[in-house]
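Sequence and predicted structure are below.
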Amino acid sequence: MPNIALLPGDGIGPEVTVAAVEVLNAVATDLEYVEHPVGGAAIDAHGVAVTEEAMADAKASDAVLLGAVGGPKWDTNESGAVRPELALFRLRADLGLFANLRPIKPLRALYDASPLRRELIEDVDMLIMRELTGGLYYGERGTKDGRAFDTMVYTVPEIERIVRAAFKAAKSRVTSVDKANVLDTSRLWREVTTRIHAEEFPNIELEHELVDACAMKLISAPRHFEVIVTENMFGDILSDEASMLTGSLGMLPTASLGGDGPSMFEPVHGSAPDITGQGVANPVGMILSAALLLRHGLGREAEATAVESAVDKALEKGIRSRDLGGTATTAEVTKAVLEEL
Ligand code: IPM
Ligand code: MG
């Protein structure tokens with residue numbers, strides 16, 4: 001029986017996790033769950049963002065499903081403090097999840113929910129492939145005597161493996177995003193990407209784009225992009241920007257892959273403290289993360305597709321949570337998806 005490590009986390013995390021588990025159980029009757037608090041919830045209960053027991057269970061699982069971590073209660077400016085986000089960084093690093101896939105495909109039914117004009121977002125279908133275990137997130141950092149620093153480091157093998165993953169995911173074009181006019185890491189990134197392209201994937205088009213120009217083009221010509229591959233922090237920023245093409249950050253799922261063991265699945269959205277406990281969070285990002293878990297984590301393509309089309313159909317029939325301008329609650333959106341299933 002496949003074993004899922006369930007890490008609901010903070011804020012709306014637990015609310016959308018309930019929704020995702022209901023949907024998973026509707027398409028798979030053989031799943032077992034082991035649940036642990038992570039993030040602020042784990043800091044409150046155990047004084048750490050993720051316990052060793054949770055790490056061990058996550059490593060032993062077939063897939064990890066995570067809600068969201070963080071919140072004002074644990075926000076501190078203190079350098080070196082125990083922060084909820086440490087749970088994410090530990091899970092990503094220890095599970096070796098260097099490839100973070102953020103698919104962005106606005107649904108036809110939601111074209112008018114985006115702040116961008118319909119004619120710009122029609123037929124957008126892109127994948128942001130974010131490097132997840134290197135760069136500024138994992139570099140040496142510190143604060144002392146009125147001076148603070150963070151370091152961005154990338155090695156050739158780290159760039160090679162994420163760039164290969166991007167080429168493998170692409171049908172015709174990869175856009176590699178960097179800041180090669182400023183950063184050494186970006187110049188190395190560009191050099192390695194160009195070589196991997198020439199040696200291994202000459203039939204796919206490769207273009208290099210500077211991150212600032214890419215940010216602009218995501219809004220002015222989003223259809224241009226198929227697969228974007230970029231380093232950790234640029235990918236973090238560009239994916240929040242690109243989420244608005246789908247109408248709401250609440251819509252986006254992600255899969256973090258690349259390790260020898262289980263992969264991790266979570267919505268792109270955060271813990272949303274402003275709406276926590278009201279039962280109004282959009283569960284779609286989390287439900288679609290469960291679909292990615294079925295596909296990439298358990299190899300159950302038919303079930304994954306069934307969940308995705310149930311979400312499409314429910315939205316086509318008009319169900320809208322608050323972030324999409326509607327009034328449906330988390331439970332109502334979940335029920336609408338379950339009915340389509
Ligand atoms: C994300 C989030 C995290 C990140 C935060 C919560 C640390 O924004 O997954 O995109 O920056 O990686
Ligand atoms: Mg982010």
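On my side now, so go ahead. Ligands and ions are numbered 1, 2, ... in the order given.

where's the residue of the stretch 151-300 of the chain found nearest ligand 1, which helix or strand?
Nearest residue of the stretch 151-300 of the chain to ligand 1, counting by Cβ to the nearest ligand atom: Asp236, 4.4 Å away. C-beta: built from backbone N, CA, C; applies to glycine. Assigned by DSSP states H and E, Asp236 falls within helix 232-243.

same thing with Gly142?
strand 141-144.

So which bits of stretch 266-280 are buried?
266-273, 275-276, 280 (16 or more other Cβ atoms under 10 Å).

now the helices for the protein?
In the chain, the helices defined using DSSP state H lie at 13-27, 40-46, 52-60, 86-94, 118-121, 156-169, 184-200, 211-220, 232-243, 284-292, 301-316, 330-340.

What average pLDDT does the longest one get?
Throughout helix 184-200, pLDDT has a mean value of 98.

Who are the contact partners of the residue of the chain most remote from its centre?
Largest separation from the mean C-alpha position in the chain: Asp145, at 35.9 Å (Cα atoms, centre = their mean). Listed by Cβ atoms under 8 Å, 6 or more residues apart in numbering, Asp145 has no contact partners.

go on, Glu200?
164, 167.

What distance do you get for the residue positioned nearest the centre of the chain to Met264?
Nearest to the geometric centre of the chain sits Thr254, at 3.3 Å (Cα atoms, centre = their mean). For Thr254, the distance to Met264 (Cβ to Cβ, to the nearest Å) stands at 9 Å.

re the thing from before, highest mean neighbour count out of the helices of the chain?
Highest mean neighbour count among these (mean count of other Cβ atoms under 10 Å): helix 284-292, with a mean of 28.

does any part of that one sit near ligand 1?
No - counting by Cβ under 6 Å from any ligand atom, ligand 1 has no neighbours in helix 284-292; the shortest distance is 11.4 Å.

Can you check the pLDDT for Glu222?
Careful, residue 222 is Pro and not Glu. The model's pLDDT for Pro222 equals 97.

That one: how many residues sit nearby?
As a burial measure, Pro222 scores 23 neighbours (other Cβ atoms under 10 Å).

residues contacting the residue nearest to it when sequence neighbours are not counted?
Nearest non-adjacent residue to Pro222, counting by Cβ to Cβ, 6 or more residues apart in numbering: Val124, 4.8 Å away. Going by Cβ under 8 Å, 6+ apart, Val124 touches 104-106, 222-223, 225, 245.

if we can go back for a sec, could the buried residues of stretch 266-280 go into a markdown table alongside distance to ligand 1 and pLDDT?
Below are the buried residues of stretch 266-280 laid out as a markdown table (distance: Cβ to the nearest ligand atom, whole Å; pLDDT from 0 to 100):
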| residue | distance to ligand 1 | pLDDT |
| --- | --- | --- |
| Glu266 | 7 | 97 |
| Pro267 | 9 | 96 |
| Val268 | 6 | 92 |
| His269 | 9 | 91 |
| Gly270 | 6 | 92 |
| Ser271 | 8 | 96 |
| Ala272 | 12 | 96 |
| Pro273 | 13 | 96 |
| Ile275 | 17 | 97 |
| Thr276 | 15 | 96 |
| Val280 | 21 | 98 |
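
The residues you listed in strands, which ones?
266-267 (DSSP state E).

Would you check which pair of the buried residues of stretch 266-280 lies furthest apart?
Glu266 and Val280 (19.8 Å; Cβ to Cβ).

hmm, who's touching stretch 330-341?
15-16, 18-19, 22-23, 26-27, 279-284, 287, 306-307, 309-311, 313-314, 317, 319, 321, 328.

Measure how buried the nearest residue to Thr194 once chain neighbours are set aside is and give me the count.
Nearest residue to Thr194, sequence neighbours excluded (Cβ to Cβ, 6+ apart): Leu206, at 7.1 Å. Neighbour count of Leu206, defined by other Cβ under 10 Å: 20.

what pairs with Leu206 across the strands?
Val174 (DSSP bridges).

Just confirm it contacts Val174, I think it does.
Yes - shown here, Leu206 and Val174 form a contact pair, counting by Cβ atoms under 8 Å, at 5.3 Å.

Now for the two: what residues contact both?
In contact with both Leu206 and Val174: His197, using Cβ under 8 Å, 6+ apart.

and the protein, which residues reach ligand 1?
Within the chain, the positions adjacent to ligand 1 are 70, 85, 88, 236, 268, 270 by Cβ under 6 Å from any ligand atom.

Please name the residues that touch the last one.
Going back to what we said before, that points to Gly270. 11, 68-70.

quick one on the thing from earlier: please produce TSV containing the helices of the chain, extended by distance to Glu131.
TSV is the format used below for these (distance: least, Cβ to Cβ, whole Å):
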stretch	distance to Glu131
helix 13-27	24
helix 40-46	26
helix 52-60	21
helix 86-94	11
helix 118-121	26
helix 156-169	5
helix 184-200	9
helix 211-220	13
helix 232-243	5
helix 284-292	18
helix 301-316	24
helix 330-340	32
